[in-house]
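In: can't give you the sequence, but here's the structure:
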């Protein structure tokens, strides 16, 4: 009976092999299995499926397997191309967790899983109620395109859609490039995630929010990423966050730290009466600390667009601290709340965000504003490169590197001269340009 049980478990793919096996597969069907999907189907938990260099025209499902799915020679040599199918390139929809690792591929030309009759989701990677580890991939040229009568709320997650899981997913060391969604999110994140050391370049959303990444209501840590030239049709060129503090329900912890955001844009196609957030738009309880936010652009139908950070609403314990916010068009930080406004703006370097650096508007109905704004700095940060080719490099004399509170922004080492430290000017409400409006 015991032998029969072992055989049944092995055939079902739910047992862990006592001796992990590596399944080597080639693009011409050579190796230990005739295809990548066949190897995945045969693998047991703990096994490795290793792809030889080449191009694979596939739409794969990892079947809930706790396997290491990786390439033999890295992402430039090993391509998973979804152009010949009609779904996501890679799907995890059977409860995969951190033990399922996707590593070392170029994942491209996916169309996404069908979302009813309306649109597509997760064109490159679809992780539904799953939290895999996604590491060291190039995820590019995937398109989640809406086809229904109301495209605005339909297709989401050009590069990836991750949603519905309760465990923390790890997404690290990937390049997300030129992914597209009609509605929401070049990458759409609706579950807890640790997003670190990734690069997002040239991703876009046509009608909605989150040109690079759209974050829903989930615990999230976003650190040490680079966001360049991403475009949102509406709000949040690099990052869009909806994390509201609901009555009786505290918001999840969401931290954005040590990222560089350069040249992103938000175009406000919906003509909403608020700021757009060329780099960041957020609603709710958020910590934004130690980021470099520069040379971003935003449009707005009314008032200033906030090409740096747009605050729609902020919950208790919101912090915007130690960020370098420089030469973003039409406002560095703009708060245009509709419900509550609370939090701390402290020890940021805010400079040259024409025409005004910091604007806080009263809440609708005249609700009390609870911001603490203190110890911020107004001084030229002395960037080594001016414009969207910059990656936040600073001169040795930069006040962002020589203040009494330590480094401000995501770049902590100088890369160009001059090297003599300049005096740092601390500011209060009066020194940073702050304007209150009376509901005009």
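Out: Right, received. Where do you want to start? A quick note: this is a predicted structure, and the numbers were derived from the prediction, not measured. Numbers count the residues shown, from 1 in each chain.
In: going along the chain, name the helices of the stretch 301-440 of the chain.
Out: Assigned by DSSP state H, counting those that start in this stretch, the helices in the stretch 301-440 of the chain fall at 399-402.
In: where do the strands sit along it?
Out: Under the criterion DSSP state E, counting those that start in this stretch, strands of the stretch 301-440 of the chain are mapped to 309-314, 319-321, 324-326, 333-335, 341-346, 349-351, 358-360, 369-374, 376-377, 426-427.
In: dump those into JSON lines; add distance to residue 42, mean neighbour count and mean pLDDT as well.
Out: To be clear about C-beta, it is placed using only N, CA and C from the backbone, and glycine gets the same treatment. Listed next are the strands of the stretch 301-440 of the chain as JSON lines, based on distance: least, Cβ to Cβ, whole Å; neighbours: other Cβ atoms under 10 Å; pLDDT from 0 to 100:
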{"stretch": "strand 309-314", "distance to residue 42": "49", "mean neighbour count": "28", "mean pLDDT": "88"}
{"stretch": "strand 319-321", "distance to residue 42": "50", "mean neighbour count": "23", "mean pLDDT": "95"}
{"stretch": "strand 324-326", "distance to residue 42": "51", "mean neighbour count": "28", "mean pLDDT": "98"}
{"stretch": "strand 333-335", "distance to residue 42": "54", "mean neighbour count": "29", "mean pLDDT": "86"}
{"stretch": "strand 341-346", "distance to residue 42": "53", "mean neighbour count": "22", "mean pLDDT": "85"}
{"stretch": "strand 349-351", "distance to residue 42": "56", "mean neighbour count": "25", "mean pLDDT": "96"}
{"stretch": "strand 358-360", "distance to residue 42": "59", "mean neighbour count": "24", "mean pLDDT": "78"}
{"stretch": "strand 369-374", "distance to residue 42": "58", "mean neighbour count": "15", "mean pLDDT": "81"}
{"stretch": "strand 376-377", "distance to residue 42": "59", "mean neighbour count": "25", "mean pLDDT": "94"}
{"stretch": "strand 426-427", "distance to residue 42": "64", "mean neighbour count": "18", "mean pLDDT": "56"}
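In: residue 206 is nearest to which of those strands?
Out: Taking Cβ to Cβ, strand 309-314 is the member of the strands of the stretch 301-440 of the chain nearest to residue 206, at 19.5 Å.
In: could you redo the strands of the stretch 301-440 of the chain as CSV and give each row distance to residue 414?
Out: As requested, the strands of the stretch 301-440 of the chain are exported to CSV (distance: least, Cβ to Cβ, whole Å):
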stretch, distance to residue 414
strand 309-314, 25
strand 319-321, 22
strand 324-326, 14
strand 333-335, 26
strand 341-346, 24
strand 349-351, 15
strand 358-360, 27
strand 369-374, 27
strand 376-377, 17
strand 426-427, 21
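In: of all the ones you listed, which lies closest to residue 161?
Out: Across these, residue 161 has its closest neighbour in strand 309-314 (23.1 Å, Cβ to Cβ).
In: strand partners of the closest one, parallel vs antiparallel please.
Out: Listed by DSSP bridges, the sheet partners of strand 309-314 and their directions read strand 280-284 (parallel), strand 333-335 (parallel).
In: dump those to CSV, plus distance to residue 314.
Out: Converted to CSV, the strands paired with strand 309-314 look like this (distance: least, Cβ to Cβ, whole Å):
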stretch, distance to residue 314
strand 280-284, 7
strand 333-335, 7
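In: let me know which of those strands is the nearest to residue 300.
Out: Of the strands paired with strand 309-314, nearest to residue 300 by Cβ to Cβ is strand 333-335, at 8.6 Å.
In: can you say which of the strands paired with strand 309-314 is nearest to residue 38?
Out: strand 280-284 (44.0 Å).
In: of the strands paired with strand 309-314, which is nearest residue 48?
Out: Closest of those to residue 48 is strand 280-284, at 38.5 Å (criterion: Cβ to Cβ).
In: pLDDT averaged over the closest one - what is it?
Out: Computed over strand 280-284, the mean pLDDT rounds to 92.
In: need phi/psi at the most centrally placed residue in the chain.
Out: Against the mean C-alpha coordinate of the chain, by Cα atoms, centre = their mean, the closest residue is residue 213 at 3.6 Å. Main-chain dihedrals, residue 213, degrees, to the nearest 10: phi -140, psi 140.
In: in the sheet, who's paired with it?
Out: residue 187, residue 239.
In: can you start the count at 53 instead of 1 from here on
Out: Okay, residue one is now 53; in that scheme the one you just asked about reads as residue 265.
In: what's near enough to touch it?
Out: Counting by Cβ atoms under 8 Å, 6 or more residues apart in numbering, residue 265 touches 237-241, 247, 252, 274, 290-292.
In: and of the residues you listed, the nearest to residue 331?
Out: Using Cβ to Cβ, residue 290 comes nearest to residue 331 of the contacts of residue 265, at 4.9 Å.
In: list the residues that contact the closest one.
Out: With Cβ under 8 Å, 6+ apart, residue 290 has these contacts: 252, 263-265, 279, 282, 313, 316, 330-332, 348.
In: hang on, the earlier thing: and the strands paired with strand 361-366: which comes nearest residue 439?
Out: Between residue 439 and the strands paired with strand 361-366, the shortest separation by Cβ to Cβ is 20.0 Å, and it involves strand 332-336.
In: which element follows the closest one toward the C-terminus?
Out: Next along the chain after strand 332-336, taking DSSP states H and E as the criterion, comes strand 339-341.
In: helices and strands around that next one, which ones?
Out: strand 306-309, strand 371-373 (3 or more Cβ pairs under 8 Å, 6 or more residues apart in numbering; DSSP states H and E).
In: now distance to residue 215 too, for those, in a markdown table please.
Out: What follows is the helices and strands packed on strand 339-341, written out as a markdown table (distance: least, Cβ to Cβ, whole Å):
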| stretch | distance to residue 215 |
| --- | --- |
| strand 306-309 | 15 |
| strand 371-373 | 26 |
